[in-house]
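Participant: Here is my input; please provide its structure:
(chains A and B)
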There are 2 protein chains.
Amino acid sequence: MNRSFNSISAEQLARVLGPWSHSGAIYEDLASAIRHVITDGRLQPDTRVPAERVLARHLGVSRNSVAAAYDLLREEGYLHSRRGAGSYVSLPTRAGTPRVVTWAADGTPAEIDFALAALPAPEPLFTEAMVGTAAELAQHTGQTGYDLTGVPSLRKAIADRYTLRGLPTRPEEIMVTNGAQQSWALLLRLLSGNGDRVLMESPGHPTVHNAVRLAGGRPVSVSVGPAGWDVDMIRTTLQRARPVLGYLMPDFQNPTGHVMPAAARRAVAVAAREAGTRLVVEDTVAELGIGPGLLPAPLAAYGTPARVITIGSMSKVCWGGLRVGWIRTTASMIARLARVRESMDAGNPIVQQFMTVRLLAGYDGLIVARRRLLAERLRVLAGALRDQLPAWSFTEPPGGLVLWARLDRPVSTRLARAAADHGVRVPAGPRFGLGGTFENYLRVPFVQPPETLVEGVRRLAQAERDLGGRDPGDAPGDGPGDGAKPSRLALHSV
Amino acid sequence: MNRSFNSISAEQLARVLGPWSHSGAIYEDLASAIRHVITDGRLQPDTRVPAERVLARHLGVSRNSVAAAYDLLREEGYLHSRRGAGSYVSLPTRAGTPRVVTWAADGTPAEIDFALAALPAPEPLFTEAMVGTAAELAQHTGQTGYDLTGVPSLRKAIADRYTLRGLPTRPEEIMVTNGAQQSWALLLRLLSGNGDRVLMESPGHPTVHNAVRLAGGRPVSVSVGPAGWDVDMIRTTLQRARPVLGYLMPDFQNPTGHVMPAAARRAVAVAAREAGTRLVVEDTVAELGIGPGLLPAPLAAYGTPARVITIGSMSKVCWGGLRVGWIRTTASMIARLARVRESMDAGNPIVQQFMTVRLLAGYDGLIVARRRLLAERLRVLAGALRDQLPAWSFTEPPGGLVLWARLDRPVSTRLARAAADHGVRVPAGPRFGLGGTFENYLRVPFVQPPETLVEGVRRLAQAERDLGGRDPGDAPGDGPGDGAKPSRLALHSV
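Facilitator: The predicted model follows:
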């Protein structure tokens, strides 16, 4: 009935779980760790888990512990058995059981959400745009309303903005979409096939990585380290792997905050052209610089719109609930994308496109306000981190919405689980990884009001203390707890 | 760079082209016919076309004619050559060249559009819903706006409507989407894999068929004939092919207008369950009955929400430009769909969801008005067809937006091309086919104002006369024209 099932080996599962022993009974800790990687999306439904005996051997615990953990998960609805075919990941369905936590959690929110890097809508601007649009709407509703590429006035407004930013663009080179994520999914659909290689940054955003997997692509990672991109490595990877597509975020990269220097942009564009790789450049936060510095020219300035495609959206500067994004490429590519899109979602809603035209008319003022707000919140977050978690280290990003903090030990997964006990939802560092594990990192957005940021960091510090001083490399199941608060992880409330 | 290329054999191409000879020079007619199947989507970009010599032999024309046709298409941008690798379909990119005609044409509209079966927005209702939403909007914009499954008030309103229609539904069994097309694409993504069989109606809607091909599925067709569905054939097909999914539109099927009887619904639901096939039921026009008859209970009443999934939208009753659709299934399936969706488009816009809650509050009144309007327009269309094209035959559909007319000879493709000369955009019958060709059919929507319907039919009749009395089975390239208007097909203006 379903697509073919995956399985995960004991070794792989152990790696995904990370150091899972907490301070409760072994079977409860193990169940909790497995539940966590299911709810945060690293272990997908319908994946076959290892046999009890095999996993027990691999984790160095008794088979009874694994059996009890599996039983608990089965009871909760996170596993189900198929006769003679082992146990498979599932999701609870009974009323009252925990909701699935997707990236954009739509269930009961945590008290403090450090997962979504997104601001509320700018009011009264947003409501004003809606009122203004309502007044003119009847001009536009006499048509059938089917629109695959965007209404002309919005395509022009977006093109003009790129031209203003030094990237001359014609309206027919802009396709309006339902957001940057859809832009990426459409490009993957059109330009990559099953098994094709796609180059991506690691760390990078999980939904960007997942879109490649969903499209049947094979991710090839290039790392973004403490010093940013390694151009030589990117060149070598391009030459060797010859990916069909490469996804880059050169302006305030998510999550590291890095800005790619002009020389690197040029070099990467040249290397990609030589390797036959089309680049897709996300610039959703490019206009959210916080410091005084100027950004280098957009990466698309170093290539043609067919070879260096830009995707952007209103979601980060304005509001994610608007769902307006775009693709900047050639008119002929847009025609091809429209054909693909027709069978995917039949096109753009009309109302918010006209709202967006209005919002873009006042965009410069909005950007100034957003930058000021983010600069202040970054200052608050950085201060709170230095104060409450002095052993962590970070560089304040020059723009964007998130800070990539380096922990003093590789406990990010355990920390994220402990933070949930304190009502803080924060994704563990490994969720941003593709290959690398990033157990030493945590991404903290600075989008919440100052008092929430301070309280959130206070709770993170408590959670950090809950982990105790135990070396996370200890074998799971070792000795008694270390005095840390005993904890049945309450992920149910996330 | 691109996904692997397809090729089309001379035999396949000849079949797709249908009887292509018109009345001009052979190479122009051939180029025109090929251009037509490219612009209407039956011949996809990057498909390798047959070698000149092979196609010439197959069509019984000179190699020079094929070479001249290919040259013309190359010049126009519809073909390009790869050194040593033949000629491939492409799309024109130069300014001033024709735009791609997607199903929901967003280019220069034809004078009369008989392609889209969609009504303008109901005003002043629609603007009123927007004004009302603007007044309350600030209550909702304080969040991040990321929403994968729908705002609670809309999920409840949609669930309540199903309950009212005799299908008890809880809000958590409804997922809001960007339209029924996206609902289908999401379900395909989650529930079918590469090479899986998917049962579909033929004739059916081309974007529904295309979504299956895009998802890598293998379409399996069941025909909807003059008497409707053949339940025995559906049962046999299910047993033999065991498709993972089946797509059905039992209420005013598009394009035939048929309604599946209650006994057939039950039988199909049982047969699908036995075959392990999940059914996806589109009910976008179920509330647009025109006659006095009552519909049987929804097909979903004969199965569980996990096995018989319903997809619907606001697009047909209200407006396509709203882009609000939904999926009715289990809460656990919705959780899985949300995970898939997160990497596809990051979710629903917020504004029109609240607009939709308001529109649903007055839905009964809207439906009464729509039914009255459609009944009147169907009457006008049917009258005009009987008057102007008395050799055609049809049954007036008991609901929906389209009439499926049977022509007196298999000329639908030629007729659609000739209609373009008269400023009428209408898809040829074969576009609705999956296997069957339907050269004997034409779908005509009755959504336009009465005077447009009458004028459109008048032009269709002219186009029909343009084809002349020549037997369409004649070999192409035969003798001189038959007195019909000579025509370089002006598809450019479509």
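
Participant: Ends of stretch A:114-122, what's the gap?
Facilitator: 20 Å (C-alpha to C-alpha, to the nearest Å).

Participant: and that stretch, how far out from the chain's middle?
Facilitator: Stretch A:114-122 sits 13 Å away from the centroid of its parent chain (C-alpha atoms, centre = their mean, to the nearest Å).

Participant: Likewise for stretch A:221-234?
Facilitator: In terms of C-alpha atoms, centre = their mean, the centre of stretch A:221-234 is found 19 Å from the chain centre.

Participant: Would you mind listing the buried residues in that stretch?
Facilitator: Residues of stretch A:221-234 classed as buried by neighbour count (16 or more other C-beta atoms under 10 Å in any protein chain shown): A:Ser221, A:Val222, A:Ser223, A:Val224, A:Gly228, A:Trp229, A:Val231, A:Ile234. C-beta: built from backbone N, CA, C; applies to glycine.

Participant: who are the neighbours in contact with whatever residue of the stretch 201-350 of chain A ends up closest to chain B?
Facilitator: Using C-beta to the nearest C-beta, the closest approach of the stretch 201-350 of chain A to chain B is made by A:Gly321 at 2.2 Å. By C-beta atoms under 8 Å, 6 or more residues apart in numbering or on different chains, the residues touching A:Gly321 are A:Ala121, B:His140, B:Thr141, B:Gln143, B:Thr144, B:Gly145, B:Tyr146, B:Asp147, B:Pro349, B:Ile350, B:Val351.

Participant: what about the fifth one, is that helix, strand or coil?
Facilitator: Same thing as B:Thr144. On the three-state scheme (DSSP: H, G, I helix; E, B strand; the rest coil), B:Thr144 is labelled coil.

Participant: OK, contacts around the spatially most central residue of chain A?
Facilitator: Computing the C-alpha centroid of chain A and ranking residues by C-alpha atoms, centre = their mean puts A:His205 first, at 3.2 Å. Contact analysis of A:His205 by C-beta under 8 Å, 6+ apart lists A:Asn254, A:Pro255, A:Phe432.

Participant: Save those residues as CSV, and put in secondary structure and distance to B:Tyr162 too.
Facilitator: Output for the contacts of A:His205, formatted as CSV (DSSP: H, G, I helix; E, B strand; the rest coil; distance: C-beta to C-beta, whole Å):
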residue, secondary structure, distance to B:Tyr162
A:Asn254, coil, 40
A:Pro255, coil, 42
A:Phe432, helix, 40
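
Participant: Out of those, who's the most crowded?
Facilitator: The most neighbours of any of these, using other C-beta atoms under 10 Å in any protein chain shown, belong to A:Pro255, which has 30 neighbours.

Participant: Excluding chain neighbours, what is closest to A:Thr237?
Facilitator: A:Val222 (5.5 Å; C-beta to C-beta, 6 or more residues apart in numbering or on different chains).

Participant: ok, so what distance separates the one you found from A:Ala25?
Facilitator: Distance, A:Val222 to A:Ala25, using C-beta to C-beta, to the nearest Å: 42 Å.

Participant: Check A:Pro50 too.
Facilitator: In terms of C-beta to C-beta, A:Pro50 sits 20 Å off from A:Ala25.

Participant: which of the two has more neighbours?
Facilitator: A:Pro50 (22 against 14).

Participant: Excluding chain neighbours, what is closest to the closest residue to chain B within the stretch 1-150 of chain A?
Facilitator: Using C-beta to the nearest C-beta, the single residue of the stretch 1-150 of chain A nearest to chain B is A:Gly145, 2.2 Å away. In this structure, A:Gly145 finds its nearest non-sequential neighbour in B:Gly321, 2.2 Å apart by C-beta to C-beta, 6+ apart.

Participant: so what's A:Ala68 up against?
Facilitator: A:Ala68 makes contacts with A:Tyr27, A:Ala31, as judged by C-beta under 8 Å, 6+ apart.

Participant: Thanks again, I'm all set now.
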